[in-house]
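Asker: Need a 3D model of the sequence below.
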Amino acid sequence: MLAHPTLENLHALGLHGLAKGFKELEHKAEARGLDHAEWLGLLLEYELTLRRQKQFETRARAARLRHAASVEDVNYQSPRGLDRALFLKLAACDWIAERRNLLVTGASGLGKSWLACALGHKACREGFSVLYRRAPRLFAELATARGEGRLPRMLATLERTRLLIIDDWGMEKLQENQYRDFLEILDDRQGTGATLLTSQFPIKLWHDTIGNPTVADAILDRLIHNVHRIELKGESMRTRCGK
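Answerer: Below you'll find the predicted structure:
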């Protein structure tokens with residue numbers, strides 16, 4: 001049984017943050033001198049904070065990020081060519097709001113996936129919907145969706161996502177259905193969302209990965225238009241601490 005009927009009413013209305021604030025302020029001596037408007041303002045802050053946290057947690061679960069990474073923990077000291085000023089600018093998430101793309105390239109072990117997940121985590125904090133997929137998993141899911149008649153629904157979900165992260169792009173040469181699906185995804189997302197790709201291979205080799213020259217031109221045109229780039233260089237960081 002709750003100690004105060006007001007708490008029962010607040011919880012019954014789903015105002016759990018407000019109830020938490022009411023309970024805490026009731027036991028703070030400094031709160032006794034507040035007027036009604038100040039009390040209400042503080043209680044609303046509790047409610048907003050709790051709701052924002054729950055919304056963030058929901059977005060983070062839906063994103064299914066590969067790493068528990070955050071932009072505050074990025075290691076700028078490692079010699080891999082990461083531009084601190086550029087990355088901090090990207091961490092502000094304006095490029096997502098502006099529906100621009102980001103390409104992160106570099107050899108294995110330089111932290112591409114970790115950096116992508118850190119940006120994805122920050123995007124969730126900023127209120128953007130995020131979806132992370134490794135390229136092989138994404139194409140497998142698209143194939144399954146086509147076989148089950150769910151492809152239009154899956155494409156619609158990808159179109160609505162504000163930040164789509166595709167990791168490990170270019171590991172295998174694409175089949176016809178795969179490169180056509182990918183082109184359709186990029187077409188749908190033009191003007192609606194931002195796309196972040198990571199790849200071990202430089203962009204100049206992506207034509208070979210796509211296979212069809214005409215489709216490759218169309219895909220690269222959509223990816224490279226209005227794009228930011230991070231090109232990492234150096235030795236693998238897998239044996240070092242931090243990312």
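
Asker: from here on, contacts and neighbour counts on C-alpha atoms
Answerer: OK.

Asker: Quick one: the helices in this protein, in order.
Answerer: Along the chain, the segments classed as helices by DSSP state H run 5-12, 16-26, 36-63, 84-91, 94-97, 112-125, 135-147, 151-160, 176-189, 206-210, 213-224.

Asker: can you list contacts of the fourth one?
Answerer: What that stands for is helix 84-91. 71, 76, 119, 122 (CA atoms under 8 Å, 6 or more residues apart in numbering).

Asker: possible to save the helices of the chain as TSV with mean neighbour count and distance to residue 235?
Answerer: Formatted as TSV, the helices of the chain follow (neighbours: other CA atoms under 10 Å; distance: least, CA to CA, whole Å):
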stretch	mean neighbour count	distance to residue 235
helix 5-12	14	54
helix 16-26	18	48
helix 36-63	15	29
helix 84-91	14	18
helix 94-97	17	29
helix 112-125	24	13
helix 135-147	16	24
helix 151-160	15	34
helix 176-189	17	31
helix 206-210	18	22
helix 213-224	16	26
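
Asker: wait, which of those helices is closest to residue 105?
Answerer: helix 112-125 (7.1 Å; CA to CA).

Asker: between that closest one and helix 36-63, how big is the angle?
Answerer: Here helix 112-125 points in a direction 150 degrees away from that of helix 36-63 (axes from the mean of the first three to the mean of the last three CA atoms, to 10 degrees).

Asker: Distance from the chain centre to helix 112-125, please.
Answerer: When distances are taken as CA atoms, centre = their mean, to the nearest Å, helix 112-125 is centred 5 Å away from the chain's centroid.

Asker: Does anything pack onto that helix? Which helices or strands?
Answerer: When contacts are defined as 3 or more CA pairs under 8 Å, 6 or more residues apart in numbering; DSSP states H and E, helix 112-125 packs onto helix 36-63, helix 84-91, strand 130-134, strand 163-169, strand 194-199.

Asker: So which of the ones you listed is nearest residue 112?
Answerer: So among the helices and strands packed on helix 112-125, strand 194-199 is nearest, using CA to CA, at 6.3 Å.

Asker: What mean pLDDT does that closest one get?
Answerer: Mean pLDDT, computed over strand 194-199, is 96.

Asker: Parallel or antiparallel, which strands does it pair with?
Answerer: Counting by DSSP bridges, the strands paired with strand 194-199 are strand 101-105 (parallel), strand 163-169 (parallel).

Asker: and residue 226, which of the ones you listed is closest to it?
Answerer: Nearest to residue 226, of all these, is strand 101-105, at 6.7 Å by CA to CA.

Asker: can you tell me which residues contact residue 166?
Answerer: 132-135, 138, 195-198.

Asker: And it, how far from residue 185?
Answerer: Here residue 166 is placed at a distance of 12 Å from residue 185 (CA to CA, to the nearest Å).

Asker: Kindly report the same for residue 117.
Answerer: Taking CA to CA, one finds residue 117 at 21 Å from residue 185.

Asker: How many residues are close by residue 148?
Answerer: By the measure other CA atoms under 10 Å, the count of residues near residue 148 is 9.

Asker: what's it sitting at in phi/psi?
Answerer: phi -100, psi 0 (degrees, to the nearest 10).

Asker: ok, now residue 82?
Answerer: Dihedral angles (degrees, to the nearest 10) for residue 82: phi -80, psi 120.

Asker: ok, it - contacts?
Answerer: 76, 230-232.

Asker: ok, which pair from the contacts of helix 84-91 is furthest apart?
Answerer: It's 76 and 122 that sit farthest apart of the contacts of helix 84-91, by CA to CA, at 17.4 Å.

Asker: In strands, which of the contacts of residue 82 appear?
Answerer: 230-231 (DSSP state E).
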